[in-house]
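# Make a model of this:
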Amino acid sequence: MFIRQNDTGKIALGPAVAIGDGYTTITTLDLSTADSAYARLGDDGVIDISGYTFAAIATMDGLYDLTLQTGITDTIGPLDIMIEDVSLCLPIYQRFYVVEETVYDALFATSSAGFGATATITMSALTQTTPPATPTPDEAAMYLYTELVRNKVITSTDGTDFKYVYNNAGDTVIYKKSIADAASVFTVGTAETGP
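Numbering: from 1, shown residues only. Have a look, this model is predicted:
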């Protein structure tokens, strides 16, 4: 279950069921008199929520609305809530995930497009360097796009014997590969930084 970062709305908790039989719903749970009521924000420690607004949900016996405060929704990541009243009900535990506003809105806002439907991801142009041996997926895609699709590539056999891959402007070699043709075998070497 996801919570929007800095949300101050309500989340449902429960069900609260009797400690005696484990199924009779409890409608009288009160955070201010419970043995403990805490929220834990990932590894950031525990926050006492016994003073938060907490009310039974009408016609949904055993479920309660907890009104959020920014003190427990301002940190991205897992949010664990634990309520105990050992004389009244079994412990209530629920985990939520606080996500950034833009992520939440992309998923749940009215008429949201979701991810990928209208999102545009732009990768940075390559600079003069030796291509990494273990690129990120974005880097790998950009190197392929640069050499195979978009940018100027010159293969020189005038004594320098290199394949040169240029930047977007076409004025700087960002990397090069040695080339050799011997005994009917054409070899392209490992990429290295431009001249």
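
# quick one: the helices in this protein?
Secondary structure of the chain (DSSP state H): helices at 70-73, 101-108, 137-145.

# Let me know which of those helices is the nearest to residue 49.
helix 70-73 (6.9 Å; C-beta to C-beta). Where C-beta positions appear, they are placed from N, C-alpha and C, glycine not excepted.

# any residues touching the closest one, and which ones?
Helix 70-73 has contacts (C-beta atoms under 8 Å, 6 or more residues apart in numbering) with 3-8, 39, 41, 47, 49, 79, 98.

# for the chain, what are the low-confidence residue spans?
For the chain, the stretches with pLDDT under 70 are 112-121, 159.

# now residue 62: how far from residue 162?
For residue 62, the distance to residue 162 equals 74 Å [C-beta to C-beta, to the nearest Å].

# scratch that, residue 53
Taking C-beta to C-beta, one finds residue 53 at 70 Å from residue 162.

# Mind checking which of the two has more residues around it?
Comparing residue 53 with residue 162 by other C-beta atoms under 10 Å, the one with more neighbours is residue 162, at 20 against 12.

# how close does the residue lying closest to that one once chain neighbours are set aside get to residue 50?
Spatial nearest neighbour of residue 162, chain neighbours left out: residue 176 (4.6 Å); criterion: C-beta to C-beta, 6 or more residues apart in numbering. Look at residue 176 and residue 50: by C-beta to C-beta, they are 67 Å apart.

# Please identify which of those two sits among more neighbours.
residue 176 (22 against 15).

# what's the domain layout of this protein?
As assigned by automatic domain parsing, the chain contains the domains 2-108, 137-193.
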